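*Asks:* I would like to see how this sequence folds:
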Amino acid sequence: MFYWGLLLLSLALLVPAGCYFWISWSSRAYLYDSVQEIPARQVALVLGTAKYTTDGRVNLYYRARIDAAAALYRGGKAQFFIVSGDNRSLSYNEPAQMRADLIAAGIPADHIQPDYAGLRTLDSVLRADKVFRLQDYIIVSQAFHNARAVFLARHHGQAVVALNAADPMLFKYRLKTQVREVGARLRAVWDVLSGKEARHYGEPIPFPPES
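*Replies:* Prediction:
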């Protein structure tokens, strides 16, 4: 009984750790910390998060992603943007909020395409290919998130790279996200192994629009 308990405990620790480090290792060559170093692509995919925290403050992760996307545009590394996120209600609409803030940052409105069905990271990267007809683009999020997004995208045949947005330095934010990321990466590996698809696809919307 003790032996089996020890074995189960070992698996419970080793499997999540293995998934975590597999994703980090397999994605590391495609993540960039600066606009100057990242290869230029026509389109960038900005992964969504809430603009405000539960206590009403501006979400630092959100702000950093908007800043990183705007820097790509100003640096000539991406000209068009897909903003992908949750759209669960009239009062919670990540793509609409991101689009408004990117326009305020100087990106033309007709260069921004909302993706209202980016319910999960998997949905966002699969829809980039199946709906928006993209396979070679830049992903914008924090490094921990980018590693998982790149892992998913490249396991589906996409030639993506990613720009790491600034990561909040506050310990409480980092601890919370890293703990949550362990479970998210375990699920990402399972999604790849099981052939999980996006929840919604719909009609193709080639982006940028064909002239």
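*Asks:* since we're on the nearest residue to residue 103 once chain neighbours are set aside, how many residues are nearby?
*Replies:* Sequence neighbours aside, residue 109 is the residue nearest to residue 103 in space, at 5.3 Å (criterion: C-beta to C-beta, 6 or more residues apart in numbering). C-beta coordinates here come from the backbone N, C-alpha and C atoms, glycine included. Residues near residue 109, counting by other C-beta atoms under 10 Å, number 9.
*Asks:* do the same with residue 48
*Replies:* 25.
*Asks:* Check residue 80 too.
*Replies:* 21.
*Asks:* residues in contact with residue 21?
*Replies:* Contacts here follow C-beta atoms under 8 Å, 6 or more residues apart in numbering; on that basis residue 21 touches nothing.
*Asks:* What separation is there between it and residue 186?
*Replies:* Noted for residue 21: a distance of 12 Å to residue 186, by C-beta to C-beta, to the nearest Å.
*Asks:* With adjacent residues omitted, what lies nearest to residue 154?
*Replies:* For residue 154, the closest residue by C-beta to C-beta, 6+ apart turns out to be residue 160, at 6.5 Å.
*Asks:* From residue 95, how far off is that neighbour?
*Replies:* Taken as C-beta to C-beta, the span from residue 160 to residue 95 is 19 Å.
*Asks:* Tell me how far residue 124 lies from residue 37.
*Replies:* Taking C-beta to C-beta, one finds residue 124 at 24 Å from residue 37.
*Asks:* Who has more neighbours out of the two?
*Replies:* When residue 124 and residue 37 are compared for neighbours, residue 124 comes out ahead with 26 against 10, by other C-beta under 10 Å.
*Asks:* Sweet, I'm off.
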